[in-house]
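Colleague: Prediction below, plus the sequence it came from.
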Amino acid sequence: MSRHGKNYRNAAAKVEVRAYPLADAIRLATETAYAKFDETVDIAMRLGVDPKHADQMVRGTVVLPHGLGRSARVLVFAQGEKIKEAEEAGADFVGGDDMAKKIEGGWLDFEAVVATPDMMRVVGRLGKVLGPRGLMPNPKTGTVTADVAKAIQEIKAGKVEFRVDKTGIIHAPFGKRSFGAEKLHDNAQALVAAVLKAKPAAAKGKYFRTVTVSSTMGPGVRVDESLLVAAEA
């Protein structure tokens, strides 16, 4: 017996066993999304890097031209006047030790975390909770900063953080099915370009090994990775 339901099998039957140009793959991923809710569309890129080596780490951020279709809930660790600045910039939650205690108690009702440098002593103890979820603030991605207003505005505008996992894969969302293929393609191209720009000098050989796009519930559609590099060349 297949572990997938009938809807999934019907959707998967429309996907040929071949690699598609990015625009066609996205169109097919949206056409085969069958859930009743507005599915998120994701990209998975297996890269020719070994993340065990620090000089082959791939991470960065990109503000997608059409956002992500929802405003991310932002938690800010701040104190003093920075609390007011964060609240005025649209932070959903602002605090210090009180927020850290809530997180230690299991609260995770947010999608992004920003911290002022002086609050990292508080945030540091949350590494085991926030780290595996990709939520740990980091100066390299602009989420440890004194300019909390700018960080909040970028996240709310659709900033996506990407990071290669220990298996050499980057997973990232780039919009909702309801965006339509054209806007999704714009977003995906911006994401691919940012990942290409973040290519480490130490990475040898083929950079994009395999690339797949899929909706939350739908089947994966293979992307012709050679065309991605050609488009950026």
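Modeller: Sure, I can see it. Numbers count the residues shown, from 1 in each chain.
Colleague: model confidence over the longest helix seen in the chain, on average?
Modeller: As assigned by DSSP state H, the longest helix anywhere in the chain is helix 181-197. Mean pLDDT, computed over helix 181-197, is 95.
Colleague: and what of stretch 56-69?
Modeller: For stretch 56-69, the mean per-residue pLDDT is 88.
Colleague: quick one: the strands in this structure?
Modeller: For the chain, the strands defined by DSSP state E occupy 40-47, 59-63, 74-77, 93-95, 112-115, 159-163, 169-176, 208-215, 221-223.
Colleague: Distance to Asp147 and mean neighbour count added to these, as TSV?
Modeller: For the C-beta atoms, the positions are set from N, CA and C on the backbone; glycine is no exception. Shown next, in TSV, are the strands of the chain (distance: least, CB to CB, whole Å; neighbours: other CB atoms under 10 Å):
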stretch	distance to Asp147	mean neighbour count
strand 40-47	29	21
strand 59-63	15	17
strand 74-77	12	27
strand 93-95	15	20
strand 112-115	10	26
strand 159-163	14	20
strand 169-176	24	21
strand 208-215	33	20
strand 221-223	36	24
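Colleague: Export those strands to a markdown table and append columns for distance to Asp24.
Modeller: Converted to a markdown table, the strands of the chain look like this (distance: least, CB to CB, whole Å):
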| stretch | distance to Asp24 |
| --- | --- |
| strand 40-47 | 14 |
| strand 59-63 | 22 |
| strand 74-77 | 35 |
| strand 93-95 | 41 |
| strand 112-115 | 32 |
| strand 159-163 | 23 |
| strand 169-176 | 16 |
| strand 208-215 | 10 |
| strand 221-223 | 8 |
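Colleague: Select, out of the ones you listed, the one closest to Leu184.
Modeller: When the strands of the chain are compared by CB to CB, strand 169-176 sits nearest Leu184, at 4.8 Å.
Colleague: what's the angle between the closest one and strand 59-63?
Modeller: Strand 169-176 runs at 10 degrees relative to strand 59-63, counting by axes from the mean of the first three to the mean of the last three CA atoms, to 10 degrees.
Colleague: Skipping adjacent residues, who's closest to the residue nearest the centre of the chain in space?
Modeller: Closest residue to the average C-alpha location of the chain: Ala172 at 3.6 Å, with CA atoms, centre = their mean. Leaving aside its sequence neighbours, Ala172 sits nearest to Phe162 (CB to CB, 6 or more residues apart in numbering; 4.8 Å).
Colleague: give me the beta-bridge partners of the one you found?
Modeller: Listed by DSSP bridges, the beta-bridge partners for Phe162 are Gly60.
Colleague: Thank you kindly, that will do.
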